[in-house]
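>>> Make a model of this:
(2 chains)
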Amino acid sequence: MRDGETAYLRLEGITKRFGNFVANDSINLKVNAGSIHGLLGENGAGKTTLMNILCGLYQPEAGQIYLHDRAVQITSPKVAIAQGIGMIHQHFMLVPQLTVTENIILGSPLTLRLNLKQKSREILVMSERYGLSIDPLAKVGDLPVGTQQRVEILKALYRQAKVLILDEPTAVLTPPEVQGFFKVLRQLAAANHTILFISHKLDEILSLCDHITVLRRGRVVGTMIAHNSTRQDLARLMVGRDVLFHLEKAAQSSDHIVLEVQNLQVRDDRHLNAVQNVSFTLKAGEILGVAGVDGNGQRELADAIAGLRPATAGELILNGQIITRWTMQQRIKRLKIGYIPEDRQKMGLILRFSIARNLILKGFQQLPFCRNGWLQRGAIAHHATQAIQSFDIRATSGKLRVSQLSGGNQQKVVLARELSGDPTLIVAMQPTRGLDVGATEYVQQALLTERQRGAAILYISTELEEIMMMSDRIAVLYEGRFVAILDAATATVEQLGLLMAGSPAGRLSP
Amino acid sequence: MKANQILRSITPVLSPLFAISSALLVGAGLIALAGVNPIAAYSVLFREALANYYGFGTTLTKTAPLLLTSLGVFVALKAGQFNIGGEGQIYMGGLGSVLVGLYVHGLPALIHVPLALLSGFLFGAIWGLIPGYLKAIRGINEVITTLLLNYIALNLINYLVSNPLIEPGAPSPYSPTIATSAQLPIILPQTQTHAGILIGFAATIVLWIVFQRLPLGYQVEAVGQNPIAARYAGISVERTIMLVMATAGGLAGLAGAGEVMGLKYRLFDQFSPGYGFDAIAIAFLSRGNLVGVVMTSLFFGALRSGANVMQRSAGVPVTVVYAIQGLAVLFIAIGLALEKRFAIRQSSVITSG
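Next up is the predicted model:
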């Protein structure tokens, strides 16, 4: 960082411990006024802790925070707001039943008269000034996710925030929305706001930020100027070793059709059609990627194939057998389907069970775990020991509770369960969500190995790059329909992005 | 980490002990307020309840329904269901057994007793299955339904023993006595201690085997810990909940059957002095630990058994005992809150990022 530039936000030697674990180890950070500073790191690198210190949720054991060269003690979130630090969380802190205006003024100092009309006008003016056009009277619950994020930003700005801290803000946006969002952030920076952008996505950080600080295991391992750095540099700093960005995979060759889906229609929990008229075939050794913005029917599609949700129309044919009306229990007993659900903690694992007990969640009524009606403790423990070894689960024993494992190791437990017994069909839903680079690589490699073995894989993800890297063919899901199925080798990000956003433009080219 | 693991493994034993001893301590203050030496009062209470042959018999007699009903609450809790309906299930169980005891004749005791027990179990099971069905299929909160079903059962029994089942010429509502072939044997001579306590111990052992060794126990715990993950793994959460609630009701039903077949030999209006509600406290105090259920049931049984003597000889009102029970529940809640705080601090170590 050049001298002479004023650091608006400066951290010196921030240290935060939890027991013996050092989450932040004497962190130094300088963020210039009017600049966008990226904070990059894997899960568990200490990003969230640092951010929670900045917004007053945690108190550091050592170190000092300076705002405009003035030492400040951020003892509570209230103080953080008073000091002009605004936080935009990954999960929005909005009340869906209230209007935009009501949400924005929520928590601001009490006055005797509410005067919503005038407040709405103020907010409208403010939103136009920052190019964040919004209807102040709209109900937040009715707004698309991208717009809700604007409300969060406006809320921070309304409270006179000079520093904006954004925690993985793009996770919920489509590629076109991300571009729009970046434009807004650049405008805010130009208006002399200071932005701390937290992410583990290399490309985003590189294209948006002026400076980048990389955290690893609670320490700053490097601060660099964005336009002088490359993905490779950043990834190496972040992980501590070289990272592969391209996965090597042999061409798919089998002609054996494993799964055939015909005109599938599935309803969601509100009994609306979430999947409509979806048809595709999936061959052995093939990965069909399903791209799409979250909430376009992905969950319902995956659930229907796994048997959790009934198909209201259409057929599912697995290896020539019509399984549309088979129950989940039947499918588990007689078919080999592996299902990696989107939320491992909620759907994939029982956190308070041990690793060994999680591994038998699907097979606990069958050999070798259950013999003559009795659970076989020896077989269960032995299976756990083997799985820990072959899936490289970092745990000392199978008796360890799954809640004590890191996200990556938890996902390995799910993989160990779902990939055991050589499934012919694997439905993987967001299998790398929230995982760090190392664990992501592991999961992807494991799935590619399964592909090599001849498994047919439906790979559902909202991360375009991941889809493009893994898939042989890519289907785009928009409002419950497959709007296109493209060859992964020729599809482009732009084309997929447009299709995901529902624009027919992407469909023109093959 | 090592010390933590040890701490974690002994907390299920430690926290009920903490709760009970704190409750006794505060109870001592209450006794002192009543103008009695607490040490003297407690020594009378526990000497009577545990060290005296007849008193110990009474302790076991009172423990039997407490144990069976709290096993019912315990089982439901394992599947994540709050069974507040033990009291009503006890009454239905009593009804089930009395019907077989009154209207089935000419059977040897070896068949009549099991048949009456089975009938009590089934009546209780139906009373558990109703909220189980409503929860699993209709999504209605089981706390409300089990609680309300208590009153339905209570009033149903009240009606039955006041009208169709009343013994002719009875001064207060109760049924005729059941056939002797349907009566549970006394196991401690000269006391009222009937075989109900043995049924309680047997049920405990069966449940221990189910939860330690059988796939069913695993399935129930999986549903209780994370019903969504259980569903994703192909377990029928609905069926599990219904089965568990029926079993829970059945166990409480056995408690009611024991009271009728072993102690009263008739069906009385309001024959349970709130065992169903004590059972909730017992199940929560034992923190998912079967040995804890047995020990806490014995403790509550002892309190109830010794209380009267304490009142007579030391002049301490019986209500102090209820206060001690309530305090124990209060302290277990405090213990849970403290543990949660501790656990949050622990987990933030692992997941902070």
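>>> Tell me if stretch A:397-413 is near chain B.
Yes. Contact between stretch A:397-413 and chain B, assessed by CB under 8 Å from any CB of the partner chain, occurs at A:403-406. Where you see a C-beta, it was placed from the backbone N, CA and C, and this is true even at glycine.
>>> quick one: which of the residues you listed is most hemmed in?
Highest neighbour count within those, by other CB atoms under 10 Å in any protein chain shown: A:Leu405, with 22 neighbours.
>>> which residues does it contact?
A:355, A:393-395, A:413, B:350 (CB atoms under 8 Å, 6 or more residues apart in numbering or on different chains).
>>> hang on, the earlier thing: can you list the residues of stretch A:397-413 next to chain B in CSV and add secondary structure and distance to B:Val320?
Shown next, in CSV, are the residues of stretch A:397-413 next to chain B (DSSP: H, G, I helix; E, B strand; the rest coil; distance: CB to CB, whole Å):
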residue, secondary structure, distance to B:Val320
A:Ser403, helix, 41
A:Gln404, helix, 44
A:Leu405, coil, 48
A:Ser406, coil, 51
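>>> returning to that earlier point: could you save the contacts of A:Leu405 as CSV and add columns showing secondary structure, distance to A:Gly295 and pLDDT?
Shown next, in CSV, are the contacts of A:Leu405 (DSSP: H, G, I helix; E, B strand; the rest coil; distance: CB to CB, whole Å; pLDDT from 0 to 100):
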residue, secondary structure, distance to A:Gly295, pLDDT
A:Ile355, helix, 32, 92
A:Ile393, coil, 31, 85
A:Arg394, coil, 33, 81
A:Ala395, coil, 34, 80
A:Val413, helix, 27, 93
B:Ile350, helix, 30, 41
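>>> Just the buried ones from those, in ChimeraX syntax?
Here is the ChimeraX command that selects the buried residues among the contacts of A:Leu405 (16 or more other CB atoms under 10 Å in any protein chain shown):
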select /A:355,393,395,413
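>>> export the contacts of A:Leu405 to TSV and tack on distance to A:Gln73?
Converted to TSV, the contacts of A:Leu405 look like this (distance: CB to CB, whole Å):
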residue	distance to A:Gln73
A:Ile355	43
A:Ile393	42
A:Arg394	38
A:Ala395	40
A:Val413	42
B:Ile350	28
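>>> remind me which residues of the stretch 201-350 of chain B are low pLDDT?
B:342-350 (pLDDT under 70).
>>> now do chain A
A:1-6, A:43-44, A:108-112, A:241-248, A:252, A:503-510.
>>> which stretches of the stretch 151-300 of chain A form helices?
A:175-190, A:202-208, A:231-239, A:298-306 (DSSP state H, counting those that start in this stretch).
>>> Deepest-packed of those helices, please.
Stretch with highest mean neighbour count among these: helix A:298-306 (a mean of 24; mean count of other CB atoms under 10 Å in any protein chain shown).
>>> so what secondary structure elements neighbour it?
With contacts taken as 3 or more CB pairs under 8 Å, 6 or more residues apart in numbering or on different chains; DSSP states H and E, helix A:298-306 sits against strand A:257-267, strand A:273-283, strand A:311-318, strand A:337-340, strand A:425-429, strand A:456-460.
>>> need those strands in CSV with mean neighbour count, can you?
Output for the helices and strands packed on helix A:298-306, formatted as CSV (neighbours: other CB atoms under 10 Å in any protein chain shown):
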stretch, mean neighbour count
strand A:257-267, 20
strand A:273-283, 19
strand A:311-318, 18
strand A:337-340, 26
strand A:425-429, 25
strand A:456-460, 26
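>>> List the contacts of stretch A:436-445.
If you take CB under 8 Å, 6+ apart as the criterion, stretch A:436-445 is touched by A:42-45, A:200, A:235, A:238-239, A:243-244, A:247, A:392, A:406-409, A:411-412, A:415, A:431-432, A:435, A:466, A:469-470.
>>> Kindly report the same for stretch A:87-97.
A:51, A:54-55, A:77, A:80, A:102-103, A:106, A:139-141, A:148-149, A:151-153, A:155-156, A:164-169, A:171.
>>> Where strands are concerned, which of those count?
Within the contacts of stretch A:87-97, residues falling in strands by DSSP state E are A:164-167.
>>> Tell me which two in the residues you listed are the farthest apart.
The largest separation in those, counting by CB to CB, is between A:Leu164 and A:Asp167 at 10.7 Å.
>>> These two: which is more packed in?
It is A:Leu164, of A:Leu164 and A:Asp167, that has more neighbours when counted by other CB under 10 Å, with 24 against 20.
>>> Please name the bridge partners of that one.
Counting by DSSP bridges, A:Leu164 is bridged to A:Gly86, A:Ile195.
>>> That one reaches A:His193, doesn't it?
Yes. If you go by CB atoms under 8 Å, A:Leu164 and A:His193 touch, sitting 5.9 Å apart.
>>> Now do the same contact list for A:Phe280.
With CB under 8 Å, 6+ apart, A:Phe280 has these contacts: A:260-261, A:288, A:475, A:482, A:485.
>>> now swap in A:Ala62 and tell me
A:13-15, A:26.
>>> so what's it bridging to?
A:Thr15.
>>> how much space is there between it and A:Leu196?
Noted for A:Ala62: a distance of 21 Å to A:Leu196, by CB to CB, to the nearest Å.
>>> same check, this time on B:Leu50
From B:Leu50 across to A:Leu196, the span is 66 Å (CB to CB).
>>> again with A:Gly454
47 Å.
>>> Which one's more surrounded, those two?
The neighbour comparison of A:Gly454 against A:Leu196 (other CB under 10 Å) goes to A:Leu196, with 25 against 17.
>>> My read is that the more buried one contacts A:Lys162, right?
No. A:Leu196 is beyond contact range of A:Lys162, at 11.6 Å (criterion: CB under 8 Å).
>>> Give the burial count for the spatially closest residue to A:Leu196 that is not a sequence neighbour, as a bare number.
Distances taken as CB to CB, 6 or more residues apart in numbering or on different chains put A:Ile165 closest to A:Leu196, at 4.6 Å, once the chain neighbours are dropped. By other CB under 10 Å, 27 other residues sit near A:Ile165.
>>> quick one: contacts for A:Ile165?
A:Ile165 neighbours (CB under 8 Å, 6+ apart): A:51, A:54-55, A:85-88, A:195-196, A:198.
>>> Using the record's domain definitions, break chain A down for me.
Domain segmentation of chain A under automatic domain parsing yields A:7-239, A:257-508.
>>> Export these as TSV, with columns for distance to B:Glu339.
As requested, the domains of chain A are exported to TSV (distance: least, CB to CB, whole Å):
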stretch	distance to B:Glu339
domain A:7-239	16
domain A:257-508	13
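>>> Please identify which of those domains is closest to B:Leu134.
Closest among the domains of chain A, using CB to CB: domain A:257-508, at 19.6 Å.
>>> so where do the helices sit in the stretch 101-250 of chain B?
Per DSSP H, counting those that start in this stretch, the stretch 101-250 of chain B has helices spanning B:109-138, B:142-162, B:196-213, B:215-225, B:227-232, B:237-258. These are given in chain order.
>>> From chain B, how far out is the residue lying farthest from the centre of chain A?
Most distant residue from the mean C-alpha position of chain A: A:Asn372, 43.0 Å away (CA atoms, centre = their mean). To chain B, A:Asn372 is 11 Å away according to CB to the nearest CB, to the nearest Å.
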